[in-house]
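Asks: pasting the structure only:
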DNA sequence: TTTAGCACTCTTTCTGTTTGAGTGCTAACT
DNA sequence: AGTTAGCACTCAAACAGAAAGAGTGCTAAA
């Protein structure tokens, strides 16, 4: 659908104005924001056509126009200037996560906080997928005569731990056997390699030690699966309460949706396939709880392969032009940091 | 301040009714809920006196009465029946955290979820304090030629990790020296023993290895401090949005307050000194953001010593009679579980 | 001490009115 | 053709009574 240059200018101005003020914008108000020398009547005619095309709508007959989802879409795809990141914002981001090295989850939490403060949106991100990660180290630390904490560390820096209880005293001899098994069967294995068949054949080979080692070994398997699972890190939910439109049960439902995590995980891993930054506006989102919201997602790469995503969730009336570069910059930065810290050598 | 038996009955009935309905309760409505044979006029007179005493108030002249903070206080201290926990609720709690063994933080998260679902309140808890915990184990796992992940485990099951970067290659010989230092100076030490003087004298004794080991050793110190710090675990914030009275900027401010953590930490560690369960109503709370809320806190003990707290935050109009036993039961259960898992032997 | 009765107050709801913003249309103008 | 001025029209928001209803406080009698 081609729009005349003037229509584009008008549509863009309406959207930018509406994003700024939150009020429906009328023909007169628009005129002053527009450096075009036509009368309000002309603008009115154009706006009427834009409405007919589905880019604008009126809350009621005598009100100004607000953008439809299609309007925003056209704006994001065609009108918006894809700017570089603002220097100030860049500095804020860097200051925020400069000293946040640690495991990936902590880094993402910190990054989420920064982005939430910056965008006044909720921030969601997924921890690096287990894809390509292998088991770097396993430790069993006795915490009681018959309980031990099993700790597993992956090549991507994910650290998981679990307390497990045995039916026998965990004497040095038992631990020694445990470490032998660990060394022989687990260290260096990819996380995905620790699956049911693998565990079964391992169990079978344990022989007489089966009963003593079983709880410890199943704990490892649990941890490996845990580490392979991407987790959703959430931040800045309360920011949403700022925005008009998120109140009462709407706010509650959205919060509950965010808390659940699993749908978010699906959504994030699905999104932004080839694009650098993916924008989903209102009803373009796959979940009804997000029907009034926009989501901006970008992926981060570790060692050049797509490993996770960071996204922001806010009202459809959101400053796409400055937020998109922010999200893109942050994901790139996170990717770089994680790559640097956990690179294979 | 002594109240006649009838006044007590009336005050109690007003409060219970108001908790149930959320509407101001008038003399007539009360009459039917009260098994007393007097007229509404008499009740009216009594209510007028209760108002004068500061236990009840009217939103406006022609409305029914609602309890003041002092009213709730009198109810909680004198009128409420301190029931045992309801059998159904007990089962729900146990079902919820039965398989949540792991580190304390995970357990508290799970427990918080259960309690939040049960009470429709926000739940806050603090992880066990470092008091009495000692360092059980330290590991350095190389994740790059010059980066290593340092992992520290305490006797109370707290696991902390941090990536640190060295200026030298972390060869086996370096690690060996590291473990010698660890064994000699850290293992078995109480978390509080790792302080600045201790670190200084340790640094001085390192001699030629100072520069190679320094980053690793300071990481340990960081982790020890980290582990000694109690952390605030938060859950069920979105529940608050259910309740009338939490909307708009009130809701936002409360959410932000919860997010900040530090004040909560102070509040929880201060509260419930000798009492089993501590109830703070409205303006009794030390922070203005909680002026419209009630907080019910209880402590959990590990090995018989007070180690942390779990509390719920909701509107002042809250079902104290059933929620207090729930909080008490859960904290006891959490204490037992943690004691069992990490007991000294 | 209790109660019936009643005047009074104040919120809530509704109804109608006014105001103002903004539109769409028509007819004139370039 | 496209543009503009003018004007009637629509609708939300703001305001103002009026009526209904809930609940009170007070008084006087039981």
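Replies: Structure received. Computed from a predicted structure; not experimentally measured.

Asks: run the chain-centre distance for stretch A:175-185.
Replies: Stretch A:175-185 sits 37 Å away from the centroid of its parent chain (Cα atoms, centre = their mean, to the nearest Å).

Asks: so who does residue A:124 touch?
Replies: By Cβ atoms under 8 Å, 6 or more residues apart in numbering or on different chains, residue A:124 lies in contact with A:112, A:232, A:233, A:234, A:235, A:258, A:264, A:268, A:310, A:311, A:312, A:313. Any C-beta I mention is one placed from the backbone N, CA and C, and that applies to glycine too.

Asks: what pLDDT is listed against residue A:325?
Replies: Looking at residue A:325, its pLDDT is 97.

Asks: three-state assignment of it?
Replies: The assignment at residue A:325 comes out as helix when based on DSSP: H, G, I helix; E, B strand; the rest coil.

Asks: how about the nearest residue to it once chain neighbours are set aside, what does it touch?
Replies: If the residues on either side of it in the chain are set aside, residue A:325 comes closest to residue A:85, at 4.3 Å by Cβ to Cβ, 6 or more residues apart in numbering or on different chains. By Cβ under 8 Å, 6+ apart, residue A:85 lies in contact with A:325, A:326, A:328, A:329.

Asks: tell me which two of those residues sit farthest apart.
Replies: A:326 and A:328 (7.2 Å; Cβ to Cβ).

Asks: more crowded one of the two?
Replies: Neighbour count, other Cβ atoms under 10 Å in any protein chain shown: between residue A:326 and residue A:328, residue A:326 has more, with 23 against 19.

Asks: shouldn't the more buried one be in contact with residue A:115?
Replies: Yes: with contacts counted by Cβ atoms under 8 Å, residue A:326 reaches residue A:115, the gap being 6.9 Å.

Asks: anything in contact with each of the two?
Replies: The contact sets of residue A:326 and residue A:115 overlap at residue A:93 (Cβ under 8 Å, 6+ apart).

Asks: skip the chain neighbours and tell me the closest residue to the closest residue to DNA strand C within the stretch 101-250 of chain A.
Replies: Scanning the stretch 101-250 of chain A for the residue nearest DNA strand C gives residue A:248, at 16.6 Å (criterion: Cβ to the nearest atom of the strand). Spatial nearest neighbour of residue A:248, excluding adjacent residues (Cβ to Cβ, 6+ apart): residue B:247 at 6.9 Å.

Asks: residue B:44: which of the contacts of residue A:124 is nearest?
Replies: Nearest to residue B:44, judged by Cβ to Cβ, of the contacts of residue A:124 is residue A:258 at 48.4 Å.

Asks: distance of the closest one from residue A:239?
Replies: To residue A:239, residue A:258 is 11 Å away according to Cβ to Cβ, to the nearest Å.

Asks: still on that earlier bit, report the entries of the contacts of residue A:85 that also contact DNA strand D.
Replies: Among the contacts of residue A:85, none lies close to DNA strand D by the criterion of Cβ under 7 Å from any atom of the strand.

Asks: let's have those in TSV, adding distance to residue B:159.
Replies: Shown next, in TSV, are the contacts of residue A:85 (distance: Cβ to Cβ, whole Å):
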residue	distance to residue B:159
A:325	38
A:326	34
A:328	34
A:329	33
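
Asks: closest to residue B:31 out of those?
Replies: The shortest gap between residue B:31 and any of those belongs to residue A:326, at 61.8 Å (Cβ to Cβ).

Asks: contacting residues for that closest one?
Replies: The neighbourhood of residue A:326, defined by Cβ under 8 Å, 6+ apart, consists of A:85, A:89, A:93, A:115, A:118, A:119.

Asks: ok, 6 Å please
Replies: By Cβ atoms under 6 Å, 6 or more residues apart in numbering or on different chains, the contact set of residue A:326 is residue A:89.

Asks: what's the closest of the contacts of residue A:124 to residue A:208?
Replies: For the contacts of residue A:124, the nearest to residue A:208 is residue A:232 (42.9 Å; Cβ to Cβ).

Asks: thought that closest one was touching residue A:265?
Replies: Yes: counting by Cβ atoms under 6 Å, residue A:232 sits close enough to residue A:265 to count as a contact (5.1 Å).

Asks: show me where pLDDT drops low in chain A?
Replies: Residue ranges of chain A with pLDDT under 70: A:1, A:100-101, A:343-345.

Asks: quick check: residues of it near DNA strand C?
Replies: Residues of chain A lying near DNA strand C (Cβ under 7 Å from any atom of the strand): A:24-29, A:40-41, A:44, A:47-48, A:51, A:58, A:61-65.

Asks: and chain A, what are its domains?
Replies: If you go by automatic domain parsing, the domain ranges for chain A are A:5-79, A:87-129+A:230-341, A:135-228.

Asks: a markdown table for these, including distance to residue B:136?
Replies: Below are the domains of chain A laid out as a markdown table (distance: least, Cβ to Cβ, whole Å):
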| stretch | distance to residue B:136 |
| --- | --- |
| domain A:5-79 | 54 |
| domain A:87-129+A:230-341 | 20 |
| domain A:135-228 | 6 |
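
Asks: any idea how many residues pack against the nearest residue to residue A:262 once chain neighbours are set aside?
Replies: What sits nearest to residue A:262 in space, not counting adjacent residues and going by Cβ to Cβ, 6+ apart, is residue A:232, at 7.9 Å. When neighbours are counted by other Cβ under 10 Å, residue A:232 registers 22.

Asks: buried residues of the helix or strand containing residue A:11, list them for me.
Replies: Per DSSP states H and E, residue A:11 falls inside helix A:5-21. The neighbour-count check on helix A:5-21 (16 or more other Cβ atoms under 10 Å in any protein chain shown) flags A:7-19 as buried.

Asks: would you mind listing the outside residues contacting the very next helix or strand once past it?
Replies: Proceeding N to C from helix A:5-21, the next assigned helix or strand is helix A:27-33, under DSSP H and E. Helix A:27-33 is contacted from outside by A:13, A:17, A:40, A:43, A:44, using Cβ under 6 Å, 6+ apart.
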